[in-house]
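In: Okay, predicted coordinates and the sequence, questions at the end:
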Amino acid sequence: MSTKKVLAAAGAIALGLSPTAALSHTNSIGYVGDGSGGVTFWYGSWHSGTTFNEGELKLEGANGNTFAPTITQFTLVEGSTPAGLIPGTNYFTSDGTQLVPYDTNVQTSYTWQGVTFTGLTAGDYTFTYIPLGDPESYCTTCYSTADWMPMDSNILSYTISLSSAILSGDANQNGIPDVQEFGTVSTPTVVSSALTYNVTASVASPIYTSNTVITHTSSESDGKQTLNFDAATTVTATTTTTTTTTPVTTDTYSDGSTVVTNGTPVVTTSSSSQSATSHQYADFSGRIDQLETLDKVSAASNKSLNHLPSKTKEKVRLFENNRLMKSYNADAYKGFTTAFGTGLEVDVTKGWTIGGQYNNLYTEMKGSDSISHLKRDHFGVFSSLHGKHLALVTNAGLSNDQYDYARTLEYQFGNWGKTQGQQWWVNNRLYTNNSGWFKPFIGHTVRNVKRDAYTETGSSQSARTVAAVNNTTHVGEIGARVETRFGGKKKDLIGFAVEGSYATDSSYEVSSSIDVKQVVFVEGSHSVIDGVTNNSVAAKVKFRF
């Protein structure tokens, strides 16, 4: 048995991700025989009103059955339970570990899509759902939505036994065709019945059965989770000599159809068995440091929110703040942050300015195997004590944060997580030569990041319980600001400034700004903080009173 088949039978999860990715929606599987070697497989979805097909189904022989792998597109759609489905006999849902009898108290389906395979004989088969985009898919017109995505690995792929009773179309062997007994078709009456006996001579033939035990071992290192997969398969070959006497009843119905029912056979057997066990191993890996990286991105956002008040003859200034920022790092994460806000500056005295601000920030960060989001409500206050030679600028910020993400282990296992937290920070900068064009400065920032504990949903094999976080850091910095004004009669029409800093945590930032009459401001910055590179641009307007 190939590694690919073992992995599919054990529970591979096909997962596609997007910012609004929904969870899977197919939650039941059934199969109905037509008595002529044909079986229709039905996939049930908990979406109601779905009127289209999606994807394909692969069917292949298993455990000694040589039926060649066959991939066929779904072509049937039903808005009510298809005829012939019998819960626990040929109609099942999943409890997360195995297929169990379909029960509306556990899972409820409202729409079904079907596909028919022909030329089948009694034996074991493995079915596998093939979504659009899968390397095995040949469908070029299929939809690509979540309506028919399997709810877990058992609905995605499973090995079943198609008995002669199921293939005959009378799975419960009560003499009534399943599509008549379990469906909307009216049931014809029996008009005549004949009983014969079928006696089969002793036959010796090997029968192969297999049992697979799956174990998963998870480990975490350097922001990455690795899940070791071990499938131990025991194949037992049983040679049986059988003498069978079977009563056969032939019923003729009022619609002219006939049903042949095999009664309970009287069997005399003798058997011998041999077993062999084989192992299949695989490792699946994926990043688990999404929230930690989002915190690094937010550190750059925090720096951009630190506000330096203007110096004008008007004592009250109202400003708005719009900023866009792109972030990326060596772990292939790419983030995009938007910030929209407003604030107020007030000159309390000639040398003292205070103020406050509010900003709403949203970050979306994509990786090769994940997508994550951070929503923040920021409240800040600031103070500037300035004279001719020195200026002390203080910024204090507080943000309420909401995190969520979806991640995969090589698109075979998938998990979702969400939590909330809070950040606060205080930044102080002491500028020298405050009235000159070149202003060296030193600074210090203390920052605290908190996140609540949470437990992931999704694949049970890789789901993590993550502890709460409460980290406080202290960072010193040194830098300089160069600024000048020119143009107009008083040479104050245009203002230009460049600022650079280097911190004790090896981070650095370079920014520049240009303004017109200290009313319209355009700013840009580049920073590298804890391995994350950030580039931002901002536009501000100040109204002076």
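Out: In hand now; what should we look at? Model, not experiment: these values are computed from the prediction.

In: What's the biggest strand in the chain, counting residues?
Out: strand 190-221 (DSSP state E).

In: Parallel or antiparallel, which strands does that strand pair with?
Out: In the sheet, strand 190-221 lines up against strand 224-253 (antiparallel) (DSSP bridges).

In: Would you mind identifying the next helix or strand past the strand it pairs with?
Out: For strand 224-253, the following helix or strand on the C-terminal side (DSSP states H and E) is strand 258-262.

In: average pLDDT across that following strand?
Out: Regarding strand 258-262, the rounded mean pLDDT is 74.

In: could you give the mean pLDDT of the helix or strand that comes right after that strand?
Out: Proceeding C-terminally, strand 258-262 gives way to strand 266-287 as the next helix or strand, assigned by DSSP H and E. Computed over strand 266-287, the mean pLDDT rounds to 86.

In: Sheet partners, orientation included, of strand 266-287?
Out: strand 224-253 (antiparallel).

In: Strand 258-262 and the partner strand, what's the angle between them?
Out: Counting by axes from the mean of the first three to the mean of the last three Cα atoms, to 10 degrees, strand 224-253 lies at 120 degrees to strand 258-262.

In: May I see the buried residues of the longest strand of the chain?
Out: By neighbour count on 16 or more other Cβ atoms under 10 Å, the buried set for strand 190-221 is 210, 212, 214, 216. Yep, even glycine has a C-beta here, placed from its N, CA and C like the rest.

In: repeat for stretch 512-528
Out: 513, 515, 518, 521, 523, 525, 527.

In: In helices, which of the residues you listed fall?
Out: Assigned to helices by DSSP state H, none of the buried residues of stretch 512-528 qualify.

In: Out of the residues you listed, which two sit at the greatest distance?
Out: Gln518 and Ser527 (24.5 Å; Cβ to Cβ).

In: coming back round to it: which one among the buried residues of stretch 512-528 sits at the bottom for pLDDT?
Out: Lowest pLDDT of the buried residues of stretch 512-528: Gln518, 89.

In: Backbone torsions only: list them for the residue lying closest to it once chain neighbours are set aside.
Out: Setting aside the residues directly before and after it, Gln518 is nearest to Ser310 in space (Cβ to Cβ, 6 or more residues apart in numbering), at 4.9 Å. Here is the backbone geometry of Ser310 (degrees, to the nearest 10): phi -80, psi 170.

In: Please report how far Ser310 lies from Arg485.
Out: Going from Ser310 to Arg485 by Cβ to Cβ, to the nearest Å gives 12 Å.

In: How about Phe92?
Out: 77 Å.

In: re earlier: ok, the residue nearest to Gln518 - contacts?
Out: 317, 345, 518, 542 (Cβ atoms under 8 Å, 6 or more residues apart in numbering).

In: Would you mind writing the PyMOL command to select the buried ones in those?
Out: Buried members of those, defined by 16+ other Cβ under 10 Å, are picked up in PyMOL with:
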select buried, resi 317+345+518+542
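
In: Out of the contacts of Ser310, flag the one nearest to Met325.
Out: For these, the nearest to Met325 is Lys542 (21.1 Å; Cβ to Cβ).

In: rewinding a little: Phe92 and Arg485: which is more packed in?
Out: Applying other Cβ atoms under 10 Å to Phe92 and Arg485 shows that Phe92 carries more neighbours, namely 25 against 17.

In: Run through the bridge partners of the more buried one.
Out: Ile29, Pro101.

In: which residues does it contact?
Out: 28-30, 99-102.

In: now do 10 Å
Out: 28-31, 44, 85, 98-103, 107, 154-155, 158, 160 (Cβ atoms under 10 Å, 6 or more residues apart in numbering).

In: what helix or strand is Asp347 on?
Out: strand 334-349.

In: Give the other helices and strands that whichever helix or strand comes after that strand contacts.
Out: As assigned by DSSP H and E, the chain's next helix or strand after strand 334-349 is strand 352-367. Judged by 3 or more Cβ pairs under 10 Å, 6 or more residues apart in numbering; DSSP states H and E, the packing partners of strand 352-367 are helix 290-305, strand 316-329, strand 334-349, strand 370-386, strand 390-409.

In: Can you find the helix or strand in the protein with the smallest mean pLDDT?
Out: None of the helices or strands of the chain scores lower by mean pLDDT, DSSP states H and E than helix 3-10, at a mean of 34.

In: buried residues in stretch 494-510?
Out: For stretch 494-510, a neighbour-count test (16+ other Cβ under 10 Å) marks 495, 497, 499, 501, 503, 507, 509 as buried.

In: For Ala538, grab the count of nearby residues.
Out: Neighbour tally, Ala538, other Cβ under 10 Å: 18.

In: any idea how far Thr484 lies from Phe496?
Out: Counting by Cβ to Cβ - Thr484 and Phe496 are separated by 6 Å.

In: again but with Tyr197, I slipped
Out: Taken as Cβ to Cβ, the span from Tyr197 to Phe496 is 104 Å.

In: Tell me who's in contact with His373.
Out: Counted by Cβ under 10 Å, 6+ apart, His373 has contacts 19, 290, 294, 335, 362-365, 402-406, 418.

In: Out of the helices and strands packed on strand 352-367, which is the most enclosed?
Out: Of all the helices and strands packed on strand 352-367, helix 290-305 has the most neighbours on average by mean count of other Cβ atoms under 10 Å, namely a mean of 23.

In: could you measure the most centrally placed residue in the chain against Ile155, distance?
Out: Taking Cα atoms, centre = their mean, the centroid of the chain lies closest to Ala406, which sits 4.0 Å from it. The spacing between Ala406 and Ile155, counted by Cβ to Cβ, is 19 Å.

In: what do you get for Thr250?
Out: Counting by Cβ to Cβ, the gap from Thr250 to Ile155 is 38 Å.

In: of those two, who's got more company?
Out: The residue with more neighbours, out of Thr250 and Ile155, is Ile155; 24 against 14, by other Cβ under 10 Å.

In: residues touching that one, list them.
Out: 24-29, 43-44, 92-94, 99, 107, 127, 129, 149.

In: next one: Val346
Out: Applying Cβ under 10 Å, 6+ apart, the residues contacting Val346 are 309, 315-318, 352-356, 545.

In: what do you get if the cut-off is 6 Å, keeping everything else the same?
Out: 316, 354-355 (Cβ atoms under 6 Å, 6 or more residues apart in numbering).

In: now swap in Gly33 and tell me
Out: Residues near Gly33 by Cβ under 6 Å, 6+ apart: 39, 166-167, 169.

In: Also Leu57?
Out: Contacts of Leu57 were listed using Cβ under 6 Å, 6+ apart, and they are 41, 115, 127.

In: Phe543 is in what secondary structure piece?
Out: strand 532-544.

In: any weak-confidence spans in this structure?
Out: Applying pLDDT under 70 to the chain picks out residues 1-24, 136-145, 184-191, 201, 203, 253-257, 330.

In: Check the gap between the residue in it sticking out farthest from the centre and Thr81 for me.
Out: In the chain, the residue that sits farthest from the middle, by Cα atoms, centre = their mean, is Lys489; the gap is 60.8 Å. Per Cβ to Cβ, Lys489 is found 85 Å from Thr81.

In: So which residues of the stretch 1-150 of the chain form strands?
Out: Assigned by DSSP state E, counting those that start in this stretch, the strands in the stretch 1-150 of the chain fall at 26-33, 39-45, 56-62, 70-73, 76-78, 91-94, 99-101, 111-117, 123-130.
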